[in-house]
Structure formats: structure tokens, C-alpha cells
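*Asks:* From the sequence below, what's the structure:
(one chain, ligands or ions: 3)
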Amino acid sequence: MTFLAIDVGNTRLKWALYDAHRPGAALLAQGTEFLEHIDRLAEGSWANLPAPKRMLGCVVAGDIARRRVVEQMELWDVTPQWVVPSAQEAGLTNGYDYPSRLGADRWVAMIGARHHVLAQGAPRPIVLVMVGTAVTVECIDAAGNFLGGLILPGHGIMLRALEAGTAGLHVPTGEVRLFPTNTSDALTSGGTYAIAGAVERMYQHLLQRCGEEPACLMTGGAGWKMAPSMTRPFELVENLIFDGLLQIAMRRFGDAD
Ligand SMILES: Nc1ncnc2c1ncn2[C@@H]1O[C@H](COP(=O)(O)OP(=O)(O)OP(=O)(O)O)[C@@H](O)[C@H]1O
Ligand SMILES: CC(C)(CO)[C@@H](O)C(=O)NCCC(=O)O
Ligand SMILES: [K+]
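*Replies:* Numbering: from 1, shown residues only. Ligands and ions are numbered 1, 2, ... in the order given. Modelled structure (predicted):
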């Protein structure tokens, strides 16, 4: 039964239509839309889609964006459902002080990551890095407890903050270099290694806590740009948010069509 997964991020909405609401379902169609263009979906890329039977989404963009998505979904006879981080879901336990205050994207991606690692063999601790508008670095132990994580400015935000807060830094994007010798390379390398360094810290925290080499996963649109600069081997996984939504949907909607 067709299933629509939606991730309403800080900058863009990503959607994917599957032929069923379970992991491994076939991808029928997918797309992205900047948040300011949500209102085009029903008459645009959604107009000729097979109607989804079920829908599950996660939003970090706030209530107004969510309502605009729901309006576009009036095209179909489907009830929108949104993931709210809880104390426990799909085998993951939420260690946040106030579980519902955790970003839904973080929670869903962690559920995707946990099941991705379980599918490869024995349970292991996980460092999960999500690289988008913001960067998050999550630590999960081998039993599936989310221990805590970092929130960092993404690469774009870091560079814009430097441009805005200094008198003379307005330069094009550069290359990542070990020893940058021009402003463009210095800025690009600074942002990249700020993220890589933060991730290395979390890797060490988790290794020390668990006494076992963590699995390192990276997801998000800019992951491929960060991966070569990491201090540890990272597995790039295309879209852990959709994988997580499929895991949750299977448990919520069950085997029924
Ligand atoms: N060279 C780079 N290295 C690391 N990150 C980068 C680089 N260039 C751009 N980025 C970051 O990647 C982001 C784009 O990633 P992605 O496509 O996942 O984000 P998004 O869809 O805009 O975010 P969101 O999911 O929050 O809406 C940009 O906002 C920027 O911060
Ligand atoms: C941290 C971001 C911006 C990452 O997209 C998002 O997950 C969010 O808005 N989180 C809410 C705050 C928190 O996770 O503690
Ligand atoms: K996001």
C-alpha cells in the first residue's frame, strides 16, 4: 500500500513515495522543495502521483510549515501523521531531559541508524552525524539508548556568520586544505574541520563510555562533502530519515493494507 514519507527540514522539504509502509519497500518517486515553495506541491510534483494510502512525516520547521504541507495533502484522502519524539520508539530509548523537545529529524534518523546497524549484525554503539542546514552528532549505545548529542551550525551558517560578523570576509567557496594559504580555503577548511573535530570528540566520548568501537554513520545532503575530512571511516547512508520513517510506519500501521 503506497506510503508517503515527508521530512520538513530547516531549509527544504524532502518527500518520498514508497509502494509499502515497511523497510525495504520500493521507492516509486521522490523530490525536494524549498520551504518557501511548499504551496506548489499539489499542483506541481504531487499532481500526478499515485495517491498515498498512508503518510508519516517529521517536521523541524514549525507549525506553520506543517500546516502548509497538510493543505497540499488535501489532494488525497490520507490522514497526515507526524512523529513526535517520545521516551521510546522502534527499539530506541530517548535520553533527552525532555524527550519531546528533541528534534523530530534527529529522533527519526537515529531510529533509521539503529536498524541500519542491526541489519548488519550484532548491536554496536553508534555515532550518527547528520549534515544539513545544521549539523547534529548523536551517540547511541549498543542497547539502543540515545545518550546525547551535539547541535552545530552547518557549513553555510558558519560562513554566513563570519561574513556578517567581520569587516572584510567576503570570498568565494574554497577547498579543504591541511594548511590553507588563502582566505577562501581558510574559511572552507575552518568550517569543515570544526565539524570533523566535534565529531571526533563525540567518537571519543562514546568509545570511552561503551568500551567498544562505535559504528560511524553519516547522512544528510552535504554528507558526501564532509566524509573525506573525517578522522574515522564513516559510512554514508543516503537518507536515514526516510529509513526511520519506514521503521516507525511499519510498527504504527502494522501489516494491514
Ligand atoms: N563543503 C561543505 N561541507 C559541509 N557542509 C556543507 C558544505 N557546503 C554546504 N554545506 C551544508 O550543506 C547544507 C545543505 O545540506 P542539505 O541539502 O542536507 O540541507 P537542507 O536540505 O538544506 O537542510 P534541512 O534538511 O535542514 O532542510 C547547507 O545548508 C550547508 O550548510
Ligand atoms: C537541531 C535541529 C535544528 C537540526 O535539524 C533540529 O533537530 C531542531 O530544531 N531540534 C530541536 C532542538 C533539539 O533537538 O534539542
Ligand atoms: K533536517
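
*Asks:* Quickly find the element holding Pro233.
*Replies:* Under DSSP states H and E, no helix or strand contains Pro233.

*Asks:* typo on my end, Pro50
*Replies:* Here Pro50 is assigned to no helix or strand, by DSSP H and E.

*Asks:* quick one, what contacts the closest residue to Gly220 other than its chain neighbours?
*Replies:* Of all residues not flanking Gly220 in the chain, Val131 sits nearest, at 3.9 Å (C-beta to C-beta, 6 or more residues apart in numbering). (Each C-beta comes from the backbone N, C-alpha and C, glycine too.) Listed by C-beta atoms under 8 Å, 6 or more residues apart in numbering, the contact set of Val131 reads Gly154, His155, Ile195, Met218, Thr219, Gly220, Gly221, Ala222, Gly223, Lys225, Met226.

*Asks:* any idea how far Val131 lies from Val199?
*Replies:* For Val131, the distance to Val199 (C-beta to C-beta, to the nearest Å) stands at 10 Å.

*Asks:* Now do the strands in the stretch 101-250 of the chain.
*Replies:* Remark: strands assigned in the stretch 101-250 of the chain by DSSP state E, counting those that start in this stretch are 126-131, 134-140, 145-153, 215-219, 235-236.

*Asks:* Quick one: closest of the ones you listed to Gly190.
*Replies:* For Gly190, the closest of the strands of the stretch 101-250 of the chain is strand 145-153, at 11.8 Å, according to C-beta to C-beta.

*Asks:* Separate out the buried members of the contacts of Val131.
*Replies:* Buried members of these, counted by 16 or more other C-beta atoms under 10 Å: Gly154, His155, Ile195, Met218, Thr219, Gly220, Gly221, Ala222, Gly223, Met226.

*Asks:* Bridged to the fifth one, which residues?
*Replies:* The bridge-partner assignment for Thr219, based on DSSP bridges, gives Met130.

*Asks:* Hmm, Glu235 and it touching each other?
*Replies:* No: applying C-beta atoms under 8 Å as the test, Thr219 and Glu235 come out as separate, 9.5 Å apart.

*Asks:* The buried ones among the contacts of Val131: which ones sit near ligand 1?
*Replies:* Residues shared between the buried ones among the contacts of Val131 and the neighbourhood of ligand 1 are Gly154, His155, Gly220, Gly221, Ala222, Met226 [C-beta under 6 Å from any ligand atom].

*Asks:* Do you know the pLDDT at the second one?
*Replies:* Okay, so that is His155. pLDDT, His155: 92.

*Asks:* do the same with Ala119
*Replies:* 97.

*Asks:* Leu56 is in contact with Val78, correct?
*Replies:* No: contact criterion C-beta under 8 Å: Val78 and Leu56 do not qualify, at 10.3 Å.

*Asks:* Among the two, which residue is more densely surrounded?
*Replies:* Leu56 (22 against 16; other C-beta atoms under 10 Å).

*Asks:* what sits against the more buried one?
*Replies:* Phe3, Leu4, Ala5, Ile6, His21, Gln81, Trp82, Val83, Leu245, Ile248, Ala249, Arg252.
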